[in-house]
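**Q** My questions concern the predicted model and sequence given below.
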Amino acid sequence: MKSFSFILCLFSAVAMADFKEFYFQRFQKKQEAVKWSGDSDSISNTANPRNFTQRLNPLDSSDPRTFTQRYYINTQYAENKLSPTLFFLCGEATCEGLPNSLNYFGKTLKANLVALEHRYYGKSQPFENLSTENLKYLSTDYALKDAASFQKYAMDTLGFQGKWIVVGGSYAGSLAAYYREKYPELVVGALSSSGPVRAEANFEDYDRHVATVAGVECLADIKTVVAQLESALSNPEQLAALKVKFSAEKLIDALDFVYLVADMGALAIQYGYRDHFCSLLHTKNPMEGYAKFTREIYNTWGIDALSGSAAGATSLNPADYEKGAGIRQWFYQSCTEYGYWQNAYHEEKLSARSQMINSEYHASICRRLFGIETAAQTDALNQKFYFPLLENSTSNIFFSNGSRDPWMNLSIAKENGNDLNPKNVVVTIDGAAHCDDLRMNPSDSSSIKEARSKFLDLARDWIK
């Protein structure tokens with residue numbers, strides 16, 4: 001049986017397009033630290049953060065309100081004030097410091113390292129509560145303006161006057177691409193690792209991808225579990241017994257539980273646990289195997305049934321999300337901008353989840369949490385940020401994606417037919433999962449190593 005500790009990495013601050021990414025990274029951080037080529041240097045993830053006074057509403061010059069935004073810096077590899085800077089954008093979770101995986105890049109490029117916490121996440125809180133009214137300043141546009149404001153401060157006040165390259169993974173990978181697109185005068189290039197740059201409300205291709213990667217035999221076992229779960233919905237005693245198996249008694253809403261089951265299967269595929277997960281299911285009792293896998297993830301990742309559920313996003317207190325994923329805030333961004341709803345694929349034979357996980361279920365979450373009745377404004381976001389990436393006016397963005405990653409379907413890749421801009425570079429890393437190129441693993445494949453080398457080659461050219 002493959003151990004859950006088979007992947008070792010140093011990277012701890014990558015953002016996620018769903019809650020799973022943060023907790024996967026936190027789990028990884030607890031494993032043995034792996035150094036590149038025996039290098040004993042490392043960047044402390046517990047370095048003392050600094051604070052920057054950020055404007056709450058940079059779109060309104062008459063609004064004087066501000067908030068405190070956290071950032072981290074490391075200058076040990078830089079040679080002088082004209083050394084380059086790698087600008088890491090943290091995403092929709094607490095920013096735990098400078099990501100160690102940039103150690104290799106920073107040392108190779110002799111660069112400064114900077115990480116900026118995203119507004120409304122971690123301790124970068126504009127308000128004392130996360131009411132719908134207070135969340136209205138949480139958007140992609142504001143996040144990018146925060147980055148630009150902070151970068152100008154770092155260049156002028158902190159003395160980081162060399163060329164800057166922006167880096168991000170998952171949602172923050174999208175931000176990195178958008179930042180280079182909107183502020184080419186500030187950064188000479190961008191690494192967008194597993195960045196789902198195209199917003200989509202009905203992201204059913206996620207489910208199709210999971211079903212495909214699972215394979216015929218494993219998918220059949222998953223469908224057996226789904227059928228038993230749906231049957232139990234009409235029997236309160238059976239449903240309660242299943243919740244006990246999955247340690248999910250806190251999920252009162254039945255569909256929240258159905259979604260949890262679907263998400264655990266997707267997690268197995270997205271993070272390289274496919275073989276272990278499928279072996280647990282392929283027994284006389286697939287449901288027992290599915291529940292065992294779920295409990296193992298709880299124990300190793302340090303999460304529970306509420307961690308990624310709408311039921312766990314009801315608190316208005318920012319402190320309740322300060323040490324982990326900002327699940328309430330991310331639901332808000334999903335409801336207003338991105339969607340990213342991982343609905344069941346419309347062809348049931350190509351689906352790995354219940355057909356009850358659909359657009360109406362996710363619309364009910366937006367109503368439940370925020371009183372939002374309108375759909376996410378994905379068209380507006382795509383017009384402003386995604387489509388310009390396809391035009392020749394945008395350049396020097398490296399899009400990297402793993403072939404096994406469901407989020408690849410929303411990125412820019414040859415497989416998606418949207419690799420239209422010759423001024424950007426795309427690579428699909430064979431056999432890789434979500435943000436694998438931003439991790440450091442002794443068993444990394446040659447294709448992962450080649451992707452890192454490609455980024456370094458591009459970065460050298462951009463810096464020149």
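**A** Now that the structure is in, tell me what you want to look at. Numbering: from 1, shown residues only.
**Q** Show me the shaky parts of the stretch 1-150 of the chain.
**A** 1-19, 21-22, 25-47, 99-100 (pLDDT under 70).
**Q** any chance you could map the helices in it?
**A** Listed in chain order, the helices of the stretch 1-150 of the chain (DSSP state H, counting those that start in this stretch) span 20-29, 102-109, 140-156.
**Q** same question, the stretch 301-450 of the chain
**A** So, for the stretch 301-450 of the chain - with DSSP H, counting those that start in this stretch - the helices run 327-333, 359-370, 378-381, 446-463.
**Q** Quick check: buried residues in the second one?
**A** Taking 16 or more other CB atoms under 10 Å as the basis for neighbour counts, the residues of helix 359-370 that come out buried are 361-363, 365-366, 368-370. All C-beta atoms are positioned from the backbone trio N, CA, C, and that covers glycine.
**Q** One more: the third one?
**A** With burial defined by 16+ other CB under 10 Å, the residues of helix 378-381 counted as buried are 378, 381.
**Q** ok so, going back, out of the helices of the stretch 301-450 of the chain, flag the one nearest Asn421.
**A** Asn421 sits nearest to helix 446-463 of all these, at 14.4 Å, using CB to CB.
**Q** hang on, the earlier thing: how about CSV for the helices of the stretch 1-150 of the chain, with distance to Thr300 and mean neighbour count added?
**A** Output for the helices of the stretch 1-150 of the chain, formatted as CSV (distance: least, CB to CB, whole Å; neighbours: other CB atoms under 10 Å):
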stretch, distance to Thr300, mean neighbour count
helix 20-29, 6, 23
helix 102-109, 25, 20
helix 140-156, 31, 18
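**Q** can you list those in CSV and add distance to Leu281?
**A** Putting the helices of the stretch 1-150 of the chain into CSV (distance: least, CB to CB, whole Å) gives the following:
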stretch, distance to Leu281
helix 20-29, 19
helix 102-109, 37
helix 140-156, 38
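**Q** do you know which of the ones you listed lies nearest Phe203?
**A** The nearest among those, by CB to CB, is helix 20-29 at 14.4 Å.
**Q** before we move on, back to that, got TSV for the helices of the stretch 301-450 of the chain, with distance to Gly173 and mean pLDDT too?
**A** TSV is the format used below for the helices of the stretch 301-450 of the chain (distance: least, CB to CB, whole Å; pLDDT from 0 to 100):
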stretch	distance to Gly173	mean pLDDT
helix 327-333	15	96
helix 359-370	23	97
helix 378-381	15	97
helix 446-463	12	97
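**Q** want to throw those helices into JSON lines with distance to Gly272?
**A** Formatted as JSON lines, the helices of the stretch 301-450 of the chain follow (distance: least, CB to CB, whole Å):
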{"stretch": "helix 327-333", "distance to Gly272": "23"}
{"stretch": "helix 359-370", "distance to Gly272": "27"}
{"stretch": "helix 378-381", "distance to Gly272": "29"}
{"stretch": "helix 446-463", "distance to Gly272": "12"}
